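[1] Sequence isn't available, so here's the structure alone:
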């Protein structure tokens, strides 16, 4: 005997399967960050404001630097306004995770640890670690490895890859953390520490800003690190958009011009406090 339910059962299974795929597609298409940016007309970029030449607060209280210009270019490409959210470096990722900012663009290295909690786009630059120290220390120390002893006092930015680098590679040294790089330079000039570990561009800028102080950067670099933009992990659409814009900037030469402006030409230093 013909039974209608025998025909409807496979049909219902197909309908259920199609519905599940539709719901899955809707879920994948969800773009909370991009929707927020477009609807509000504002892109919020988080940066510390104390990582020159990546980003720094100028004499007129505005945030300038490579990251600020790159963030402005991204906002312009999206046809929205840029709002810079200034936070201590150690709080930047939490700012994005809480939704107070849409991205972190602050000289942040891409690491497996950070990628467990956030997504990265890039890299838009390669950097590396080294040490800023005095002529006295450099006269007796030839490599960073020679600073790996309990009598050596080092500082690194709190919650940075510099801090984890020292913990992993120079575990015998005496390490303390700082809230910003100016604090580290002051401690070094006052003789309170032997060296500050940070990204090479930041260290070289510290030398330029303190002529005659006998500061120097240990060569060769201790590491090489990719620098990227951190964004929430729950928005593939936003991630794809930022990636496409970064690729376009690289191909059109914008990124190269920004590197030359902030890392090769030091004329902008006069804008610093």
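    It's in. Here the structure is a predicted model, which is why all the values come from computation and not from measurement. Residues are numbered from 1 along each chain as shown.

[2] any weak-confidence spans in the stretch 101-250 of the chain?
    Judged by pLDDT under 70, the stretch 101-250 of the chain has its weakly predicted residues at 142-145.

[3] would you list every one of the strands in it?
    Taking DSSP state E, counting those that start in this stretch, the strands of the stretch 101-250 of the chain run over residues 103-109, 119-127, 129-134, 153-157, 174-178, 195-199, 215-217, 225-231.

[4] residue contacts, residue 40?
    residue 80 (CB atoms under 8 Å, 6 or more residues apart in numbering). For every residue, glycine as well, the C-beta is placed using N, CA and C.

[5] follow-up on the earlier one: nearest to residue 206, of the strands of the stretch 101-250 of the chain?
    Closest to residue 206 of these, according to CB to CB: strand 129-134, at 5.5 Å.

[6] okay if I get the strands of the stretch 101-250 of the chain as JSON lines plus mean neighbour count?
    Shown next, in JSON lines, are the strands of the stretch 101-250 of the chain (neighbours: other CB atoms under 10 Å):
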{"stretch": "strand 103-109", "mean neighbour count": "27"}
{"stretch": "strand 119-127", "mean neighbour count": "18"}
{"stretch": "strand 129-134", "mean neighbour count": "24"}
{"stretch": "strand 153-157", "mean neighbour count": "24"}
{"stretch": "strand 174-178", "mean neighbour count": "17"}
{"stretch": "strand 195-199", "mean neighbour count": "27"}
{"stretch": "strand 215-217", "mean neighbour count": "19"}
{"stretch": "strand 225-231", "mean neighbour count": "22"}
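
[7] of all these, which lies closest to residue 249?
    strand 119-127 (8.0 Å).

[8] Nearest residue to the middle of this structure?
    residue 108 (2.0 Å; CA atoms, centre = their mean).

[9] Surely that residue and residue 92 touch.
    Yes: counting by CB atoms under 8 Å, residue 108 touches residue 92, with 7.0 Å between them.

[10] Please enumerate the shared neighbours of those two.
    With contacts taken as CB under 8 Å, 6+ apart, the residues that reach both residue 108 and residue 92 are residue 230.

[11] any idea how far the closest residue to residue 127 other than its chain neighbours is from residue 88?
    Nearest residue to residue 127 in three dimensions, chain neighbours excluded: residue 199, at 4.6 Å (CB to CB, 6 or more residues apart in numbering). Residue 199 is 16 Å from residue 88, where distance means CB to CB, to the nearest Å.

[12] now swap in residue 122 and tell me
    Remark: distance between residue 122 and residue 88 (CB to CB) = 22 Å.

[13] quick one on the thing from earlier: okay, the strands of the stretch 101-250 of the chain in a markdown table with distance to residue 49 next?
    Formatted as a markdown table, those follow (distance: least, CB to CB, whole Å):
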| stretch | distance to residue 49 |
| --- | --- |
| strand 103-109 | 8 |
| strand 119-127 | 18 |
| strand 129-134 | 20 |
| strand 153-157 | 13 |
| strand 174-178 | 15 |
| strand 195-199 | 16 |
| strand 215-217 | 22 |
| strand 225-231 | 16 |
